[in-house]
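Trainee: Sequence and predicted structure, then a few things I'm wondering about:
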Amino acid sequence: MKINVEIDCTPEEARAAIGLPDLTPLHDRYVAMMMEAMHGSAPPEMIESMMKNWAPMGEAGLSLWRAMFEGGGRPGGKAGG
């Protein structure tokens, strides 16, 4: 038996229905900081530090992605087909 339930609501209504917090103020602050950085009012070191802290797993995550791209996207760094 298969039952499909379709709910028509906004993302905000869905978050409130399942009890998730409203992160709109945090998101607005994040966007404002990124806009300030893009317009040159933030030093490049601050931007780099923010990206390292906000990336999944911090710097380890960035290193993992870098290694994957440099290795051709294959485990063990072996590119090919």
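Mentor: It's in. The model shown is predicted, which means the values in this text are computed figures rather than measured ones.
Trainee: buried residues in whichever strand or helix holds Pro25?
Mentor: Under the criterion of DSSP states H and E, Pro25 resides in helix 24-38. Residues of helix 24-38 classed as buried: Ala37 (neighbour count, 16 or more other CB atoms under 10 Å). For the C-beta atoms, the positions are set from N, CA and C on the backbone; glycine is no exception.
Trainee: Between helix 24-38 and the helix or strand following that helix, find me the angle.
Mentor: As assigned by DSSP H and E, the chain's next helix or strand after helix 24-38 is helix 44-54. Per axes from the mean of the first three to the mean of the last three CA atoms, to 10 degrees, the angle that helix 44-54 makes with helix 24-38 is 140 degrees.
Trainee: Quick one: mean pLDDT for the helix or strand just after helix 44-54?
Mentor: Using DSSP H and E, the helix or strand that directly follows helix 44-54 along the chain is helix 58-70. Helix 58-70 carries an average pLDDT of 72.
Trainee: For helix 58-70, name the packing helices and strands.
Mentor: Here helix 58-70 touches helix 44-54, going by 3 or more CB pairs under 8 Å, 6 or more residues apart in numbering; DSSP states H and E.
Trainee: what's the average pLDDT for the helix it packs on?
Mentor: Mean pLDDT, helix 44-54: 72.
Trainee: Other residues contacting it?
Mentor: Here helix 44-54 makes contact (CB atoms under 8 Å, 6 or more residues apart in numbering) with Met33, Ala37, Gly58, Glu59, Leu62.
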